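J.: return atomic coordinates for the entry below.
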Amino acid sequence: MTGSDASPADSPSFPSSSPSSFRLAYVPGVTPSKWVRVWNERLPDVPLTLLALTPAEAFGALRAGAADAGLVRLPVDRDDLSAIPLYTETTVVVVPKDHLLAAAEEVTAEDLAEELVLHPLDDTLGWEQPPGLPANERPETTADAIELVAAGVGVLAVPQSLARLHHRKDLTYRTLTEVPQSRVALSWKAADEAPDLVEEFIGIVRGRTVNSTRGRRAEAQKGQKQPKDQKERKSGAKPGGRSGKPGTGSRTGKPAARKPGGAGGSGRGRTGGKPRKRS
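T.: Numbers count the residues shown, from 1 in each chain. Down below sits the predicted model:
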């Protein structure tokens with residue numbers, strides 16, 4: 001599927017590698033659509049295929065070469081993968097709408113001291129033990145934990161994007177402070193130099209302009225003859241080659257002003273001054 005979501009599967013099958021296409025994996029909660037739009041505008045001849053995968057699947061796809069790059073959450077194993085951090089997500093606590101915590105605008109870790117805080121096995125916050133009371137068993141997935149919260153069994157701390165992804169009418173969430181936060185990064189298979197198309201995507205997520213983007217486009221522009229008018233604009237010269245300041249008598253400036261009475265300013269030239277009276 002090109003430029004649109006592809007649902008994760010138990011045994012995902014990936015598009016074959018092609019130098020004229022780009023495969024981008026992304027994990028739940030991450031929204032790549034704004035970068036995909038820029039890609040389609042800048043590189044309309046290079047299809048971008050989205051792979052919606054679990055975190056484990058995304059890292060496996062990168063290592064196997066089944067994805068060219070991936071939008072994942074840190075940490076990333078730097079032994080065989082490269083990564084650049086993109087942004088940090090707000091952490092929230094998901095609670096039933098009639099829960100006491102729903103009345104607050106913001107919740108602290110201390111506010112959860114008497115709450116049963118669920119800790120799913122696919123936790124994205126990276127803490128060994130969440131605040132509050134631990135559950136007897138850890139839910140297998142975040143989706144399972146959301147179902148438990150809806151059933152009135154505990155609360156759940158997650159990045160805000162996951163709370164939105166698993167939105168339910170009977171649940172709400174509040175900003176949770178004094179706790180770890182999830183960081184989203186762009187990752188790709190480690191190499192001495194990032195491939196051209198990966199470099200193109202790095203430029204997009206970092207907000208580089210078309211002219212400053214490195215990679216395939218920049219390489220194609222190397223060695224191209226610069227238009228004459230562009231060179232003149234950079235050097236400050238005016239189109240046409242010659243220039244001069246007004247009043248200098250140059251070809252492009254105004255002619256020098258002549259003083260009344262001719263040369264020397266005596267007032268007795270051919271056209272100026274009174275004739276001398278004869279004695």
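
J.: in the protein, what residue spans correspond to helices?
T.: Taking DSSP state H as the criterion, the chain contains helices spanning 33-42, 55-64, 142-150, 160-165, 196-205, 216-221, 228-235.

J.: okay, those in CSV with mean pLDDT next?
T.: Shown next, in CSV, are those (pLDDT from 0 to 100):
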stretch, mean pLDDT
helix 33-42, 96
helix 55-64, 96
helix 142-150, 97
helix 160-165, 98
helix 196-205, 96
helix 216-221, 51
helix 228-235, 51
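
J.: make CSV out of those helices and add mean neighbour count and distance to residue 109.
T.: For glycine as for every other residue, the C-beta is placed from the backbone atoms N, C-alpha and C. Converted to CSV, the helices of the chain look like this (neighbours: other CB atoms under 10 Å; distance: least, CB to CB, whole Å):
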stretch, mean neighbour count, distance to residue 109
helix 33-42, 14, 32
helix 55-64, 18, 24
helix 142-150, 19, 18
helix 160-165, 20, 16
helix 196-205, 21, 31
helix 216-221, 13, 47
helix 228-235, 10, 56
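
J.: closest one to residue 114 among the ones you listed?
T.: Among the helices of the chain, helix 142-150 comes nearest to residue 114, with 16.0 Å by CB to CB.

J.: what residues does that closest one touch?
T.: Helix 142-150 has contacts (CB atoms under 8 Å, 6 or more residues apart in numbering) with 28, 94-96, 118, 120, 122-124, 139, 154-156, 158, 162, 166, 168, 170-171.

J.: thinking again about what came up before, tabulate the helices of the chain (JSON lines), appending distance to residue 77.
T.: Below are the helices of the chain laid out as JSON lines (distance: least, CB to CB, whole Å):
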{"stretch": "helix 33-42", "distance to residue 77": "24"}
{"stretch": "helix 55-64", "distance to residue 77": "8"}
{"stretch": "helix 142-150", "distance to residue 77": "22"}
{"stretch": "helix 160-165", "distance to residue 77": "22"}
{"stretch": "helix 196-205", "distance to residue 77": "18"}
{"stretch": "helix 216-221", "distance to residue 77": "28"}
{"stretch": "helix 228-235", "distance to residue 77": "45"}
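
J.: out of these, which comes closest to residue 183?
T.: helix 160-165 (12.0 Å).

J.: so which residues make contact with the closest one?
T.: With contact meaning CB under 8 Å, 6+ apart, helix 160-165 is reached by 28-31, 89-92, 94, 124, 142, 173, 175.
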